[in-house]
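Undergrad: Give me a model of this one.
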Amino acid sequence: MLTGVILAGGKDRRMQGNPKALLPFGPEKLIQRQLRLMQPVCSELIVVTNDPKPFLRLLEPEIRIITDFVPNQGPLGGMHAGLSLARNRDVWLVGNHMPFISSQAAELLQERKHEGFDAALPLVQGGIYPLHGIYDRSCADLIWSLLQGGEPTLNRFLKVLYWGELHETIFQENGIGSGFIESFSRQEEYERLLRQYDASFCDLEKFDSSDINHHGRL
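TA: Purely as a prediction, here's the structure:
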């Protein structure tokens, strides 16, 4: 069983204050699209946000909407809340800036995690993508210690987390393109990915990310 968590916090200053999760992407809002893509492999879906009101009006009642336990701590604050309240042991964490997330990739990452790791992360084009990873629910305790110690950064988290990578060749062997890790943080990047979506009709296997810059990797 898998819990899907979308981190939908942040002030989105570089998007003129427009929440990424509520931007249109094709015929639906981006958050609706992400939840739809996660649903086939997730028995539980959670949205972590600092402002629940827009999501309460938009999402189905079975979607759990929660807020950070400790506000203003960046992605780790949202990750801590999602992991802490997940009902399943395996948790698929994604950022709300990733339109092309892949449930097939998540299943492969879950298999990798079960080889004895606390988390499994994709290694694609030389970068690690912690916001498309599978985590053990117990990672919440590790994040809490970082929050309490004043070190709430993803880089620090990865240094103390026991994680295993899954190389992009494994995804390719399973017919999964690298587009699932694409993300945006600025208006022009959003518009570029939206154009790419329109051109490909969102067929991820046909999605060609070779001309798009990567902004979500570490």
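Undergrad: Just the element for residue 34, please.
TA: When elements are assigned from DSSP states H and E, residue 34 belongs to helix 30-38.
Undergrad: Mind listing what's buried along that helix?
TA: Of the residues in helix 30-38, 30-35, 37-38 count as buried by neighbour count, 16 or more other C-beta atoms under 10 Å. Heads up, the C-betas are built off the backbone N, CA and C, glycines and all.
Undergrad: show me what contacts residue 21?
TA: Counting by C-beta atoms under 8 Å, 6 or more residues apart in numbering, residue 21 makes contact with 6, 8, 29-31, 34, 47, 49, 55, 96.
Undergrad: In CSV, list those along with pLDDT and distance to residue 147.
TA: As requested, the contacts of residue 21 are exported to CSV (pLDDT from 0 to 100; distance: C-beta to C-beta, whole Å):
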residue, pLDDT, distance to residue 147
6, 98, 20
8, 94, 19
29, 96, 30
30, 96, 27
31, 97, 25
34, 98, 25
47, 98, 20
49, 95, 18
55, 95, 24
96, 95, 21
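Undergrad: from those residues, which is closest to residue 87?
TA: Of all the contacts of residue 21, residue 87 sits closest to residue 47, with 14.9 Å by C-beta to C-beta.
Undergrad: Direction included, what does the host helix or strand of the closest one pair up with?
TA: In this assignment (DSSP H and E), residue 47 forms part of strand 44-48. If you go by DSSP bridges, strand 44-48 pairs up with strand 2-7 (parallel), strand 64-66 (parallel).
Undergrad: For the last one, which outside residues touch it?
TA: The contact list for strand 64-66, computed with C-beta under 8 Å, 6+ apart, reads 44-49, 52, 55-56, 59, 81-82, 85.
Undergrad: Name the next helix or strand downstream of it, please.
TA: Trace forward from strand 64-66 with DSSP H and E and the next one is helix 74-85.
Undergrad: And that following helix, what's buried?
TA: Buried residues in helix 74-85, counted by 16+ other C-beta under 10 Å: 75-83, 85.
Undergrad: Need the buried ones from the contacts of strand 64-66 selected in PyMOL.
TA: For the buried members of the contacts of strand 64-66, the matching PyMOL selection, counting by 16+ other C-beta under 10 Å, is:
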select buried, resi 44+45+46+47+48+49+55+59+81+82+85
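Undergrad: In JSON lines, list the contacts of strand 64-66 along with distance to residue 182.
TA: Output for those, formatted as JSON lines (distance: C-beta to C-beta, whole Å):
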{"residue": "44", "distance to residue 182": "25"}
{"residue": "45", "distance to residue 182": "21"}
{"residue": "46", "distance to residue 182": "23"}
{"residue": "47", "distance to residue 182": "20"}
{"residue": "48", "distance to residue 182": "21"}
{"residue": "49", "distance to residue 182": "22"}
{"residue": "52", "distance to residue 182": "27"}
{"residue": "55", "distance to residue 182": "23"}
{"residue": "56", "distance to residue 182": "29"}
{"residue": "59", "distance to residue 182": "23"}
{"residue": "81", "distance to residue 182": "25"}
{"residue": "82", "distance to residue 182": "22"}
{"residue": "85", "distance to residue 182": "28"}
